[in-house]
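J.: Have a look at this prediction, sequence included:
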Amino acid sequence: MLFPTVDFAVFFLVVFTGSWLLRPHKIAWRWFILASSFVFYGWWDWNYLVLLSLSIGINWFLGLAIFRSLTPEGERTNASRWLVRIAVVVNLGILGYFKYFDFFVSTIADKMRSIGISVDAPILNIILPIGISFFIFQAISYVIDIGRGQWRKPLTILDFAVYLSFFAHLVAGPIVRASEFAPQLDVLPDPRYVRSAEAFMLIFRGMFKKVVISSFLAIQIVDPVFANPNAYGPLAVLLAIYAYAIQIYADFSGYTDIAIGVALLLGIRFPQNFDSPYIALSLQDFWSRWHMTLSRWLRDYLYIPLGGNRGSKAMTYRNLFLVMIIGGLWHGANWTFVVWGAIHGSYLVAERIVKEKWKGHELGLPPLVVKAMQWFLVFNVVCLAWVFFRATSVDEAFTLLGRLFASSGSSTGVSLLLILVIVGSVASQFVPQRFPQKAEVWFATWAPALQIAALAGGLVLVDALGPEGIAPFIYFQF
Amino acid sequence: MPAGLIIVVIVSALCVAGLFDADSTLRKSNAKGDGWRNEIAKTVASVTDTLHINFFRNSIDSALGKNQGTKIDVEELLRRQAEAEIAASAEAAKKVPELPAPTPATPMKIWVGGDSITQTFGISFQRITQSTGIFTPTLDYHVSTGLSRPDYYNWPEHLVKDVLPANPSILVIMFGANDGQNMIGANGKVLERTSEPWMTEYRRRVAATMDLLKSPDNQRITIWCGPPPMGPGSKTRGMDQMSYIYWSEAQSRPWIQYFDTWPFFSDSNFVFSASLPNADGVVRGVRQKDNIHFSIVGGDRLSWAVIDRIGKLVDLSAGKVTPPAGQAPPASLVERTEIPPSMPGAE
């Protein structure tokens, strides 16, 4: 079930009404939300529910076992350490089977073929269950937090099931931690004060970004150029690269906005996942603004356990690089994602080295010019990495980049409107947060009739400006 | 705002937007069908039409140039074409057209078009045919189109009005990927996709479109490419059944040459395969991540296969039509002589 559809609107109305009616009855409310989340997920394919249920059961059981193996003071024991390892291996095993098995087998088969050994690779053509990477990462965070003694209260199986399957974050995040979500299950929000203005604004903004901006850029330039770069000239290719940067932001942050808004209407607050990432002046800054819940996950469960910046500089650089490579692979089983991670990892390392070497040095340029140069560099490095993220193979990515230096080629798709959308979308990120916040406050003061008119007008506008069908969100595939 | 009032606001806003968007919702619902939801959409659209509430949304659509064509009138187009073709020889159309051999001095006009699958294939085809030195190619693809939704894009009309007047000697056409959706039949009824009435109507449209492509002097060949098998997660339906319709309708029309793409994008059991070896034996990805569209490699592979097929109908010896082994399919791959009505397990 996609968010911007009539199906979801009807589904949500039922859930919203039932949720607020049942909220005072804690157990009934939990069962209702769990059932709703299963309906939402099963809408794609009921078979997925088996996997989700297994994941809930296994991780809840392991979480409990880990908790019981800790000392009464919450200190780790050998048993708890082993159980955490088992839990991580089981989760990564599930993820690996669904996401990486075919990639692994075909890569080995290719390598063997290259040395003259012909093998019939057992490719299974496994269909990746929607959102598996998100709920598996949430499950891993839960068992590790218990194992570290940070989460001193294992959830009941019902609470854990609601946490892992909650429909608003189930298929594309944000990656919410149990420590952020579970306490909200016990709090009884006041039904008289629902943060509707903030939620409506988030939902409308998300729909506009996804249905209008993302779809327009995909259809107008991104899909045609990435499908066959050889036919296009440098201008079209350059604009397609920039357009993809905007498309993926509009698509993913649009989904997140809707997810946060929907959860907010039910009285649940999710962590922020995007904070104007394209205004970043360094790549480190970019990662504190882009897919923030994944960055946080990678930092806490990968970078710090690897040693973080506690060892030598070389080890810190290694850790940074490794985290970005693994972060790339999290997105999918393809060398393109490895290259994407490598670009980010290398640049993050380079950034640290340059910062240390240049500490105290002045360029002699006005600060604004320096900032503009930093922004330009970071934005273009991010866009360069997106080329590999979007391409179906590394060869195709290089083909596309090579077309930036072609002497001829079509400019089909290039238009003033396209340029305006790209420039306007980047520029909109520089708008201070206080403006949308003020708009929310202002909207909240409107009479209900006016709010109805504005919301209806917004829906009609989004529908009219968008394409006939709604493409799935890009991040669903991860 | 209190939760109770929020329900009122949401329901009211959805109802108002639903009324304004009734025509758009009906179009989408018609495409998907979905039984009772379609009935509701029809009722709402009928009410808004009576009350002229749809005026606002239709005005926006009109200003944006969207959703203007709503009718497919193939018979009318055929009638008009027939009038312009008084000199047509019925006798000539009974055999496969014999086209003069193209040369670099007298290149042959070739048009390639269809839906988004034709995009990658078409761009490859355009590049490769141009490199042969004996073709003047034109690419004309329109994403999300087919023969199911003339209200969205009217292919027969486009072919008659825009394509045929340019007088291409060969047309290479591919539909199907977007056609596995409900259609509105001649009586205005929604036809459930791939149901028997749907098949009958789709066959009628295919046949009529094929008839449109007949030239008065029997000097035009259309290579009608069937859709390739779709992979897991593609959410397409009926590619095998549509292939059968195209193939069977082409049998009685010598100016239509059906090209069977299926073997070129499947394993030896005719099951979808995303990676396949080319003539040089190297396995490459022939499809995009969506398991629907071709990759560049897939586009090149199909292009050479189609050129090979054209070479069996027209003398192409004056051109550079020997494919690089890394781009062409293995020589052992051949089209099926007969297309089955359905393929077990096909998407």
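T.: All right, it came through fine.
J.: what residues are up against the residue nearest the centre of chain B?
T.: Nearest to the mean C-alpha position of chain B, counting by CA atoms, centre = their mean, stands B:Phe175 at 1.7 Å. Shown in contact with B:Phe175 (CB atoms under 8 Å, 6 or more residues apart in numbering or on different chains): B:114-115, B:145-147, B:155, B:227, B:242. Using the backbone N, CA and C atoms, a C-beta is placed for each residue, glycine as well.
J.: low-scoring pLDDT stretches of the stretch 51-200 of chain A, where are they?
T.: A:102-104, A:106, A:110, A:118-128 (pLDDT under 70).
J.: What ranges does it have for its helices?
T.: Along the stretch 51-200 of chain A, counting by DSSP state H, counting those that start in this stretch, helices occupy A:78-114, A:132-147, A:157-165, A:167-170, A:178-186, A:196-207.
J.: now the fourth one: how far from the chain's centre is it?
T.: Going back to what we said before, that points to helix A:167-170. 12 Å (CA atoms, centre = their mean, to the nearest Å).
J.: Could you chop the chain up by domain?
T.: All of this is about chain A. Domain ranges of chain A: A:6-186, A:196-465, per automatic domain parsing.
J.: Let me rephrase: I mean chain B.
T.: According to automatic domain parsing, the ranges for chain B are B:3-64, B:74-311.
J.: For the residue nearest to the centre of chain B, which non-adjacent residue is closest in space?
T.: B:Gly146 (4.7 Å; CB to CB, 6 or more residues apart in numbering or on different chains).
J.: SS state for the one you found?
T.: coil (DSSP: H, G, I helix; E, B strand; the rest coil).
J.: my read: it touches B:Ile173, true?
T.: No. Contact criterion CB atoms under 8 Å: B:Gly146 and B:Ile173 do not qualify, at 11.0 Å.
J.: what comes up buried for whichever strand or helix holds B:Met210?
T.: Secondary structure from DSSP states H and E places B:Met210 in helix B:196-212. For helix B:196-212, a neighbour-count test (16 or more other CB atoms under 10 Å in any protein chain shown) marks B:198-199, B:201-212 as buried.
J.: so how far is that helix off the chain centroid?
T.: 13 Å.
J.: One more: stretch A:221-239?
T.: 26 Å.
J.: Convert the C-alpha atoms of it to PDB, please.
T.: Taking Å, rounded to 0.1, in the frame of the first residue of the first chain, the C-alpha atoms of stretch A:221-239 are listed here in PDB:
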ATOM      1  CA  ILE A 221      15.300  13.500 -17.700                       C
ATOM      2  CA  VAL A 222      16.600  11.000 -15.100                       C
ATOM      3  CA  ASP A 223      15.100   7.800 -16.400                       C
ATOM      4  CA  PRO A 224      15.700   8.500 -20.100                       C
ATOM      5  CA  VAL A 225      19.300   9.600 -19.700                       C
ATOM      6  CA  PHE A 226      20.300   6.800 -17.300                       C
ATOM      7  CA  ALA A 227      18.600   4.300 -19.500                       C
ATOM      8  CA  ASN A 228      20.800   5.200 -22.500                       C
ATOM      9  CA  PRO A 229      23.400   7.800 -21.800                       C
ATOM     10  CA  ASN A 230      25.100   7.300 -25.200                       C
ATOM     11  CA  ALA A 231      22.200   9.100 -26.900                       C
ATOM     12  CA  TYR A 232      22.600  12.300 -24.800                       C
ATOM     13  CA  GLY A 233      24.900  15.200 -24.800                       C
ATOM     14  CA  PRO A 234      26.800  16.800 -21.900                       C
ATOM     15  CA  LEU A 235      24.100  19.300 -20.900                       C
ATOM     16  CA  ALA A 236      21.400  16.600 -20.700                       C
ATOM     17  CA  VAL A 237      23.700  14.300 -18.800                       C
ATOM     18  CA  LEU A 238      24.800  16.900 -16.300                       C
ATOM     19  CA  LEU A 239      21.200  18.000 -15.600                       C
END
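J.: Please identify the buried residues of that stretch?
T.: Applying a neighbour-count criterion of 16+ other CB under 10 Å, one finds A:221-233, A:236-239 buried in stretch A:221-239.
J.: hmm, it in reach of chain B?
T.: Yes. Interface with chain B: stretch A:221-239 contributes A:223-224, A:227-231 (CB under 8 Å from any CB of the partner chain).
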